[in-house]
Structures are given as structure tokens and as C-alpha cells.
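**Q** A structural model of the following input is requested.
(chains A and B)
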Number of protein chains: 2
Amino acid sequence: MPKFFQDAYPDALAHCYGCGRLNPYGHHIQTVWDGDETLTRFTPEPYHTAVPGFVYGGLIASLIDCHSTGTAAAAMDRAAGGAAPAARFVTASLHVDYLKPTPLGPTLEIRGTVKEIKGRKVVVQSTVFANGVATARGEVVAVQMPENFGASPA
Amino acid sequence: MPKFFQDAYPDALAHCYGCGRLNPYGHHIQTVWDGDETLTRFTPEPYHTAVPGFVYGGLIASLIDCHSTGTAAAAMDRAAGGAAPAARFVTASLHVDYLKPTPLGPTLEIRGTVKEIKGRKVVVQSTVFANGVATARGEVVAVQMPENFGASPA
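**A** Reported below is the predicted structural model:
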């Protein structure tokens, strides 16, 4: 088992701007188990601002998104006793409540818990912490990527 | 009235990574009225991928976010007969339903409608179209930025 969930993504599915190890321009979000929670640590760049001094909400949404799809893949793997190959998940829906401004500077922690696993669907709740204070809370409905993903694009 | 809503943001609040004209690294999202709808056109970069060929969901969330806060500011301005200075809005909550994969390549259109204006709060529904097909639908609760925004960061 690789250290980071995203390291288990097959090369063909490792180009995500948020979490793909093969995207040279991306955020390279990396997630691990921390007991029954999942944990991503991420330090925003100085230009990831909303207003000066605070983190851009779209980045926070991105962190929650990729943290949660990674958590879904790991949770499905763990539920199968670790024997199943890591599946890749896509986001069906994303909800973020911005609780308070997130200060720009400190390394953020995103912590996730699995709320539900049902068939190919995993529901993940993820919270963003800055200096130990929860600043945003998200819920993602992640669905295991169908083999024909994108076969009939819009 | 500037052509784009975001051009009316005061300099001190124009550094947003998504839509700030003064952020040299940002997306520079720009939004206009189109009748009673609001419209943003945005062409993702080749590296804004989810899986190859499709747009990263975190970027889609970002587009919906800034398009909607811009729409909120413009709607508040219009509701006041255009006499009020453009207020700056922050996101209280963001919800995105990903309807289908968004192809990477074409210029995307994000179209917004104002669902509710109540006090300092504006609810905006925004839909992302690629090649004329709706691929994601979002709802943002935007709140006029308090004067003490971030005075007590986490």
C-alpha cells in the first residue's frame, strides 16, 4: 500500500489538477489514513487569496473535493479488506459551508470521515482546519468511476 | 458601469485568485449581464484536467463560486437601481452537482440567475455549459462582506 492514496491511482488517471502526481501544474494533494480519519496537509501559495490574508474559497473547495474522492477510494479499499485494487472515484456532488475566513499562511489540515458506503457510492465529510480551528466543512458524494467515463462527452 | 462586474471591485478587494483583476496568477473570471441572466465565458487551460480530456471539478466549483459572488454584487446593485456602489460578496455556502463530464477544450459558459435577495444575502443558481450542454449546476449563498471581514481570523 503506497503511503498516499493518490500514489495508488493508475498512471492513466493520475493527471488530476488537484491530486494527480503526473500533473506538473497541479496542487498535488496527498492524503493518508490517520486512524479512522483521513488527513491531507496542504500549504496554499501566497497568491491563493480571496482577499489579502485569506485563502481563496475555490481552493478550499478543491481541497475538499480531492481529499474526499481520495478518501472514498481508500475507504472502499479498506472495506474490501485491502484486497481490492484502489478504485478511482469522481465527484457527483460537492457541498461546502464556509464557517469563517481561512487565514493564508499556515499549513491547512483537511480531515475526512466516511459517512456512508453503498454500492459504488461513498459519502465523505471533510473539514478544513487552520491553526486547529475548523474554517470550512464539506460533504462530497463520490461515485466509483464507470469504465466508460466520458465516453459520450457533452 | 464597468463592462465586467469584477472591474467594479475596489482595488483592496480585487486580489481574488478566481476573479481578481489584480492577481497576476489567477483565473481572471469576468462576468456580465445577459438580459436577466449573468454570463461568464472561460476557457480552461490544458492542464486543468480531471482525467485527460475533461475539466477538473475543482475549477468548475471555482467558476461557479466567483461567477455567483459577482452575480450577487451586480444583482444587489441592480435591485438598488444601480445607485449603490458595488458591494463585495463572500461565499457562505457552495453546492455543485456534477451532471456529466465537462469536455476540456471548448470555452465554457456559466449562466447565473438570482433566486433570492434578502437583506445582505443573495442566493444564485449557476449552470456550466460546454458546447451548449449543461454539465454542472451550482447554488451559492453569497453574503455581503462585513466591514470587519477577517478581523478575527482562525
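**Q** need the strands for chain A, in chain order.
**A** Under the criterion DSSP state E, strands of chain A are mapped to A:31-34, A:37-42, A:89-98, A:108-118, A:121-130, A:133-144.
**Q** right, so of the ones you listed, which gets closest to residue B:24?
**A** Of all the strands of chain A, the one in closest proximity to residue B:24, counting by CB to CB, is strand A:37-42 (21.7 Å). Any C-beta I mention is one placed from the backbone N, CA and C, and that applies to glycine too.
**Q** Of the strands of chain A, which is nearest chain B?
**A** Checking the strands of chain A against chain B by CB to the nearest CB gives strand A:133-144 as the closest, at 3.6 Å.
**Q** hmm, back to that, next, format the strands of chain A as TSV and append mean neighbour count.
**A** Converted to TSV, the strands of chain A look like this (neighbours: other CB atoms under 10 Å in any protein chain shown):
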stretch	mean neighbour count
strand A:31-34	18
strand A:37-42	19
strand A:89-98	22
strand A:108-118	17
strand A:121-130	22
strand A:133-144	20
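**Q** Residue B:33 is nearest to which of those?
**A** In terms of CB to CB, the element of the strands of chain A nearest to residue B:33 is strand A:89-98, at 26.0 Å.
**Q** Parallel or antiparallel, which strands does the closest one pair with?
**A** Strands that pair with strand A:89-98, judged by DSSP bridges, come out as strand A:133-144 (antiparallel), strand B:89-98 (antiparallel).
**Q** re earlier: now tabulate the strands of chain A in TSV and tack on distance to residue B:25 and mean pLDDT.
**A** Shown next, in TSV, are the strands of chain A (distance: least, CB to CB, whole Å; pLDDT from 0 to 100):
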stretch	distance to residue B:25	mean pLDDT
strand A:31-34	25	96
strand A:37-42	17	98
strand A:89-98	22	97
strand A:108-118	18	97
strand A:121-130	21	98
strand A:133-144	22	98
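**Q** Can you lay out the strands paired with strand A:89-98 as JSON lines showing distance to residue A:50?
**A** Written out in JSON lines, the entries for those read as follows (distance: least, CB to CB, whole Å):
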{"stretch": "strand A:133-144", "distance to residue A:50": "11"}
{"stretch": "strand B:89-98", "distance to residue A:50": "7"}
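**Q** what's the closest of the ones you listed to residue B:115?
**A** If you check each of the strands paired with strand A:89-98 against residue B:115 by CB to CB, strand B:89-98 wins as the nearest, at 12.1 Å.
**Q** who touches that closest one?
**A** Judged by CB atoms under 8 Å, 6 or more residues apart in numbering or on different chains, the contacts made with strand B:89-98 from elsewhere in the structure are A:50, A:57, A:61, A:90-98, B:57, B:60-61, B:64-65, B:68-70, B:72-73, B:76, B:121-122, B:135-145, B:149.
**Q** ok, residue A:140 touching residue A:124?
**A** Yes: applying CB atoms under 8 Å as the test, residue A:140 and residue A:124 come out as touching, 5.0 Å apart.
**Q** so the nearest residue to residue A:79 once chain neighbours are set aside bridges to which residues?
**A** Using CB to CB, 6 or more residues apart in numbering or on different chains and skipping residues adjacent in sequence, the residue nearest residue A:79 is residue A:117, 5.7 Å away. When bridges are called by DSSP bridges, residue A:117 pairs up with residue A:122.
**Q** ok, residue A:117 to residue A:149 distance?
**A** Residue A:117 sits 20 Å away from residue A:149, going by CB to CB, to the nearest Å.
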